[in-house]
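In: Attaching a predicted model along with its sequence, questions to come.
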Amino acid sequence: MAIATLTTTGQLTVPKKIRDSLKLQSGDKIEIVLAKGHEAILRPLSKRVDETFCMLHRPGQKAVSPQEIDDAVKKAMKESSG
């Protein structure tokens, strides 16, 4: 069990054991979700590149160039704004 203390300014220090387990680093964002029975769940929101590497890859899918990605983003932005 890890114990944290809330300061008078509402800040909370996440114990090192928990930070290490969640792979948290300074500046990472944490979502706090209220659960049943007056409990809260901490969920890390920050992801590093090495954690997300190849998540979009699907077997048999052709590679897309950076230019194609930029073009698709520009097209989607135009469609959503107009």
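Out: Looks like it came in fine. Keep in mind that what you see is a predicted model, and the values were worked out from it rather than measured.
In: For Leu34, list the residues it contacts.
Out: By CB atoms under 8 Å, 6 or more residues apart in numbering, the residues touching Leu34 are Ala40. Quick note: C-beta positions are derived from backbone N, CA and C, even for glycine.
In: And what about it, helix, strand or coil?
Out: strand (DSSP: H, G, I helix; E, B strand; the rest coil).
In: what about Ser80, which SS state?
Out: Ser80 ends up helix, using three-state DSSP.
In: mind listing the strands for this protein?
Out: 30-35, 39-44 (DSSP state E).
In: Can you check which of those strands gets nearest to Lys78?
Out: Nearest of the strands of the chain to Lys78, taken as CB to CB: strand 30-35 at 31.6 Å.
In: center of this protein, which residue is that?
Out: Leu45 (2.6 Å; CA atoms, centre = their mean).
In: mind listing what that residue touches?
Out: Asp28, Lys29, Ile30, Glu31.
In: The second one is in contact with Pro44, isn't it?
Out: Yes. Counting by CB atoms under 8 Å, Lys29 sits close enough to Pro44 to count as a contact (7.5 Å).
In: More neighbours: these two, which one.
Out: Pro44 (15 against 9; other CB atoms under 10 Å).
In: From Pro15, how far out is that one?
Out: As judged by CB to CB, to the nearest Å, Pro44 and Pro15 stand 14 Å apart.
In: Also Ala35?
Out: 19 Å.
In: tell me the pLDDT at Glu51?
Out: pLDDT recorded at Glu51 is 63.
In: Oops, could you answer that again for Gly82 instead?
Out: Looking at Gly82, its pLDDT stands at 63.
In: Over to Ser46?
Out: 66.
In: Adding distance to Met77, write the strands of the chain out as JSON lines.
Out: Listed next are the strands of the chain as JSON lines, based on distance: least, CB to CB, whole Å:
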{"stretch": "strand 30-35", "distance to Met77": "27"}
{"stretch": "strand 39-44", "distance to Met77": "29"}
